[in-house]
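Undergrad: Mind looking at a prediction? Sequence and model below.
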Amino acid sequence: AGELVIEARAETGPDGKPVFEVERFDGTAWTDVAEISGYGVNAPSAAAVDGRLYLIGGFSGAGGTPVDDVQVFDLATSTWAAASPLPTASGGHAAAVIGGRIHVIGGGTARSTIADHVAYDPATDRWETLAPLPRAEGSPAAIVLDGHLWAIGGRSGNSDFGDVFVYDPAADVWTPGPPI
């Protein structure tokens with residue numbers, strides 16, 4: 001009770017066209033609150049910091065081209081703004097927040113999966129390049145536990161990975177975690 005879920009539907013609908021709705025769930029019902037600005041994207045990552053939802057990168061709905069756009073939805077005003085672009089146009093990455101900064105890991109470009117790890121600071125609107133993942137992987141899951149970023153699973157081409165990597169932000173280093 002009292003929880004709020006925001007869904008920015010960056011996907012394609014049954015007709016193959018991009019879905020642009022941003023919906024709010026109050027525990028009982030979904031309500032449309034806005035549309036994603038610009039064009040539709042597939043496989044972005046998303047994170048919330050200080051009442052703002054960040055929709056990061058993805059692949060353009062029109063042709064599957066990776067994009068570097070970062071769109072920011074203000075929950076209080078239901079408006080969109082642009083933030084500094086992702087350093088590498090990509091999609092299929094994961095995002096998680098540590099200490100108010102959004103960490104974006106893995107993903108893919110138009111050519112391959114990547115091991116990129118960057119952090120965005122909403123206070124300065126700047127990106128910082130951090131220690132890369134130990135292996136290039138698209139579609140990892142990311143969580144924060146006890147101040148550490150966990151990268152779980154992922155894939156490249158037809159290969160699925162059961163690896164888990166744990167990032168220590170104080171040391172800027174990844175170590176192996178327990179495999180899936």
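TA: It's in. Residues are numbered from 1 along each chain as shown.
Undergrad: Identify the residues contacting residue 92.
TA: 43, 59, 106-108, 113, 138-139 (Cβ atoms under 8 Å, 6 or more residues apart in numbering). For glycine as for every other residue, the C-beta is placed from the backbone atoms N, C-alpha and C.
Undergrad: how about a cut-off of 7 Å?
TA: 43, 107-108, 138-139 (Cβ atoms under 7 Å, 6 or more residues apart in numbering).
Undergrad: most neighbours, which of those?
TA: Among those, residue 107 has the most neighbours (other Cβ atoms under 10 Å), with 33 neighbours.
Undergrad: Count the neighbours of the closest residue to it other than its chain neighbours for me.
TA: Spatial nearest neighbour of residue 107, chain neighbours left out: residue 93 (3.0 Å); criterion: Cβ to Cβ, 6 or more residues apart in numbering. By other Cβ under 10 Å, the residues close to residue 93 number 30.
Undergrad: what about residue 93, distance to residue 160?
TA: From residue 93 over to residue 160 the distance is 16 Å, taken as Cβ to Cβ, to the nearest Å.
Undergrad: quick one on the thing from earlier: in the contacts of residue 92, which has the lowest confidence score?
TA: Lowest in pLDDT among the contacts of residue 92 is residue 43, which has 86.
Undergrad: In space, what's closest to it - neighbours in sequence excluded?
TA: residue 91 (4.0 Å).
Undergrad: Show me the residue sitting in the middle of the chain in space.
TA: Centrality entry for the chain: nearest residue to the mean C-alpha point is residue 45, 1.8 Å, by Cα atoms, centre = their mean.
Undergrad: The helix or strand containing residue 71: what's the following helix or strand?
TA: Residue 71 is part of strand 70-74, with elements assigned from DSSP states H and E. Counting by DSSP H and E, the next helix or strand C-terminal to strand 70-74 is strand 79-82.
Undergrad: tell me how far that following strand is from the chain's mean position?
TA: Remark: strand 79-82 is offset 17 Å from the chain centroid, using Cα atoms, centre = their mean, to the nearest Å.
Undergrad: Likewise for stretch 134-145?
TA: That offset, for stretch 134-145, works out to 11 Å (Cα atoms, centre = their mean).
Undergrad: who touches it?
TA: The contact list for stretch 134-145 (Cβ under 7 Å, 6+ apart) reads 92, 94-98, 105-108, 112-115, 149-156, 161, 163, 165, 174.
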